[in-house]
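**Q** 3D model of this:
(chains A, B, C and D)
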Protein chains: 2
Amino acid sequence: MKLHVSPDTFPPRGHEAKRISIVDAAAGVFCREGYAGANIDLIAVEAGVSRQTVYNHHGDKEKLFVAVVRDLTERCNTGIFATIATFPDQPKDLEADLIGFAVRLNQNCICNRDGKFLRKLIQTEGERYPELFAEWLEQGPGRTWPAIAARFARLAYGGYLAIEDPDVAARQFLGLVNAELQTTFMLGGTPREDEVLQSATNGVRTFLRAFGKRRSVASVEKQAALASA
Amino acid sequence: MKLHVSPDTFPPRGHEAKRISIVDAAAGVFCREGYAGANIDLIAVEAGVSRQTVYNHHGDKEKLFVAVVRDLTERCNTGIFATIATFPDQPKDLEADLIGFAVRLNQNCICNRDGKFLRKLIQTEGERYPELFAEWLEQGPGRTWPAIAARFARLAYGGYLAIEDPDVAARQFLGLVNAELQTTFMLGGTPREDEVLQSATNGVRTFLRAFGKRRSVASVEKQAALASA
DNA sequence: GACGAATTAGACAAGAGTGTCTAAATTTAT
DNA sequence: ATAAATTTAGACACTCTTGTCTAATTCGTC
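**A** A predicted model of the protein is given here:
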C-alpha cells in the first residue's frame, strides 16, 4: 500500500511514529497536570494508542517522564544552536540585527511548544529529579549561554560593542530582551508576536544605550572610576 | 496558666495559630509536591494537627489551596510595598542606593520563603486556576510594578535619570538586576547572598550606563533619531 | 497470502488518597 | 469547676491510578 520511498527516515512510520506521539502527548499532559496529576490513560488517548503500548515503549511513568525531558532538551538545543548560528557577526545595522536575533531566539526556541513545555517541566519538577535537571543544566544553559557570550565577545572584538564581561553581557541581553514577557512566562502563556517584538526592541535599545560604541570616552572613564572606587 | 497579655493579637493562640500553621505547612507541601501530589495527611503532620482539623478549617483540598495562594499574595505584597518605601528618592550615591534597593527587594520579597513559594505555585498551577491567578496578577504585579515605575519617574523628574518610559524602565531594571539569578529561580532554588549582590551590582551598573544622566546630549539625540527612523 | 511482531481492549489486583463519621480527649472561656 | 467548643485518632466507603496479564486483532514484511 505504501511506496517504499524513504526507508528508515522521516516521516517516521509505525513503531517509531508511535514512540514520538507518545512522548509528545506525555509532554503536554505532564505540563498541564504536573507529574503526579498526569494520567497514563489520558496520555495514551492523546497519543492515539492504547495504554499497554505506552508501557511497552517506556516501561513506567517515571521512565516516560525522563524520556520526555531528554527529548525536549535535545530538540530545544538544536533549535537554539540553529538560531545562534544566525547571530549577526558583522552587522549592517546593529540595532535591527540584534532585535532580529532576539525575536528569532524567542519565537523559535523559547516561546514555541517545546520551549514552553521544557521550561514548565523544569520549574515544576526540577527539585524532584536533581540528577536529571543537572543534566539539563549542563546540556542546555551550560552549552548555549557560553555560545551566545562568545558571539557578543566577537562583536566587542570587532569594535561594535564596549563590553567588559561577555558572559554578564549575554545574561543581561537575555534579561532585557525578555523583560516584558516575564509575567506571561510565569503563568505559562505564550506571548503574542507583537509583544515579543516590542520587548526585544525596548531591550535592545537599552542594551545599546549601555554597551553601544558611540558612547563618549568620558563616560567610559567615569565607569572605570566608579568600578575602582 | 497564660497571662492575659494581648487578647486577640500576636502571637496568635489556639484556633488562629492552627489555621496559620496549616496554611504554612500546606504552602510547603503544595510547592514540593504540586497540587495533585500534595497529601493532606502529610500537610496535617507538618502542621502538627490532625487531618480532621485541616478539614474543619478549610473544607477541602481546593479551598485550602486557594487560601494558601491568597495568604502568600497578601504577605508578599506587604513585604514588597515595605521595600518600595525604601526606594532612594533623593539618592546620595545613585549606584549604591539602587543596588541596595535591588538587594533588599530580592532578599526580603523574592528570595524569601513566601516569595519562593508563591512564584512556584503560580508557575505550577497558574493555568489550572485562571480566576485565582488573575486575581494575583491584579493584586500583585498589577499594583507593585506601577509603584516601582512611579519611583523611577520621580527619579527621572528629579534629574537623576534619563528615561522615556518609566514602566519599561522598571521592568528592565528588574530584568537586569535578576539576570544572573534566572537559572536558580527556574530550578526553584534560593540564590546565595553574594550571588544576589553580584547580580544586582552588575545589573545596576548596566542600567546606569543606559539611563544615567551623565550621557552626552549627542547620544540622546541619536537615540531620538533612531526612534523616529 | 502467510508469518511474526506489535497493538489493542478489557479485566484485574494492589495501593494510595480524599472526605466523612464517631466517640473520646483536650482546650478555652465563664 | 463547669460547660462549650475544638481537636484528636481511628475506622470507613469511595474513587482513582498504576502496572500486569491475557486473548484477540491488526500491521508490516516477505
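
**Q** the helix or strand harbouring A:Val68 packs against which elements?
**A** In the assignment (DSSP states H and E), A:Val68 maps to helix A:61-84. Under the contact criterion of 3 or more Cβ pairs under 8 Å, 6 or more residues apart in numbering or on different chains; DSSP states H and E, helix A:61-84 touches helix A:14-37, helix A:40-47, helix A:51-58, helix A:94-105, helix A:113-125, helix A:130-139, helix A:141-157. For the C-beta atoms, the positions are set from N, CA and C on the backbone; glycine is no exception.

**Q** which parts of that helix are buried?
**A** A:61, A:64-69, A:71-73, A:75-77, A:79-80, A:83-84 (16 or more other Cβ atoms under 10 Å in any protein chain shown).

**Q** what about A:Arg104, distance to B:Thr73?
**A** For A:Arg104, the distance to B:Thr73 equals 36 Å [Cβ to Cβ, to the nearest Å].

**Q** walk me through the domains of chain A.
**A** What automatic domain parsing lists as the domains of chain A is A:10-59, A:60-228.

**Q** DNA strand C: which of those domains is closest?
**A** Each of those has some distance to DNA strand C by Cβ to the nearest atom of the strand; the shortest is domain A:10-59, at 3.3 Å.

**Q** show me what from chain A comes close to DNA strand C.
**A** Within chain A, the positions near DNA strand C by Cβ under 7 Å from any atom of the strand are A:Gly14, A:His15, A:Lys18, A:Gly48, A:Val49, A:Ser50, A:Arg51, A:Gln52, A:Thr53, A:Asn56, A:His57.

**Q** using JSON lines, lay out the residues you listed together with neighbour count, pLDDT and distance to B:Asp167.
**A** Listed next are the residues of chain A next to DNA strand C as JSON lines, based on neighbours: other Cβ atoms under 10 Å in any protein chain shown; pLDDT from 0 to 100; distance: Cβ to Cβ, whole Å:
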{"residue": "A:Gly14", "neighbour count": "8", "pLDDT": "69", "distance to B:Asp167": "54"}
{"residue": "A:His15", "neighbour count": "10", "pLDDT": "77", "distance to B:Asp167": "53"}
{"residue": "A:Lys18", "neighbour count": "18", "pLDDT": "89", "distance to B:Asp167": "49"}
{"residue": "A:Gly48", "neighbour count": "11", "pLDDT": "95", "distance to B:Asp167": "46"}
{"residue": "A:Val49", "neighbour count": "18", "pLDDT": "96", "distance to B:Asp167": "49"}
{"residue": "A:Ser50", "neighbour count": "12", "pLDDT": "96", "distance to B:Asp167": "52"}
{"residue": "A:Arg51", "neighbour count": "15", "pLDDT": "96", "distance to B:Asp167": "50"}
{"residue": "A:Gln52", "neighbour count": "9", "pLDDT": "96", "distance to B:Asp167": "54"}
{"residue": "A:Thr53", "neighbour count": "17", "pLDDT": "96", "distance to B:Asp167": "51"}
{"residue": "A:Asn56", "neighbour count": "14", "pLDDT": "96", "distance to B:Asp167": "54"}
{"residue": "A:His57", "neighbour count": "17", "pLDDT": "96", "distance to B:Asp167": "49"}
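
**Q** which among these gets closest to A:Glu125?
**A** Of all those, A:Glu125 sits closest to A:His57, with 20.5 Å by Cβ to Cβ.

**Q** what number of residues lie near the closest residue to that closest one other than its chain neighbours?
**A** Excluding the flanking residues, the one nearest A:His57 by Cβ to Cβ, 6 or more residues apart in numbering or on different chains is A:Arg19, at 5.4 Å. For A:Arg19, the number of neighbouring residues by other Cβ atoms under 10 Å in any protein chain shown comes to 20.

**Q** look up how far B:Gln139 lies from A:Arg19.
**A** Remark: distance between A:Arg19 and B:Gln139 (Cβ to Cβ) = 45 Å.

**Q** okay, now the unreliable bits of chain A?
**A** Scanning chain A for pLDDT under 70 picks out A:1-14, A:214-229.

**Q** what parts of it come near DNA strand D?
**A** Counting by Cβ under 7 Å from any atom of the strand, the positions of chain A adjacent to DNA strand D are A:Arg13, A:Gly14, A:Ala38, A:Asn39, A:Ile40, A:Asp41, A:Arg51, A:Gln52, A:Tyr55, A:Asp60, A:Lys61, A:Glu62.

**Q** got those residues as TSV, with distance to A:Pro91 columns?
**A** Output for these, formatted as TSV (distance: Cβ to Cβ, whole Å):
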residue	distance to A:Pro91
A:Arg13	44
A:Gly14	47
A:Ala38	45
A:Asn39	50
A:Ile40	50
A:Asp41	52
A:Arg51	53
A:Gln52	55
A:Tyr55	52
A:Asp60	51
A:Lys61	48
A:Glu62	47
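
**Q** what's the closest of these to B:Gly28?
**A** Lowest distance from B:Gly28 to the residues of chain A next to DNA strand D (Cβ to Cβ) belongs to A:Ala38, with 22.1 Å.

**Q** right, and the closest one touches A:Gly28 too?
**A** No: the pair A:Ala38 / A:Gly28 is not scored as a contact, 9.5 Å apart, by Cβ atoms under 8 Å.

**Q** more crowded one of those two?
**A** A:Ala38 (21 against 18).

**Q** please enumerate residues in contact with stretch A:150-162?
**A** For stretch A:150-162, contacts defined as Cβ atoms under 8 Å, 6 or more residues apart in numbering or on different chains pick out A:84, A:87-91, A:94, A:163, A:166, A:169-170, A:173, A:211-213, A:215, A:220.

**Q** report the buried members of these.
**A** Using 16+ other Cβ under 10 Å, the buried ones in the contacts of stretch A:150-162 are A:84, A:87-88, A:91, A:94, A:163, A:166, A:169-170, A:173, A:211-212, A:215.

**Q** of those residues, which belong to helices?
**A** Members of those lying in helices (criterion: DSSP state H): A:Ile84, A:Leu94, A:Pro166, A:Ala169, A:Ala170, A:Phe173, A:Phe211.

**Q** separation between the last one and A:Thr53?
**A** What it means is A:Phe211. Distance from A:Phe211 to A:Thr53, counting by Cβ to Cβ: 53 Å.

**Q** residues touching A:Gly203, list them.
**A** Applying Cβ under 8 Å, 6+ apart, we find A:Gly203 in contact with A:Ala102, A:Phe173, A:Leu176, A:Val177, A:Asn178, A:Ala179, A:Glu180, B:Gln172, B:Gly175.

**Q** which helix or strand contains it?
**A** Assigned by DSSP H and E, A:Gly203 belongs to helix A:193-211.

**Q** run the angle between that helix and helix A:141-157 for me.
**A** 50 degrees (axes from the mean of the first three to the mean of the last three Cα atoms, to 10 degrees).
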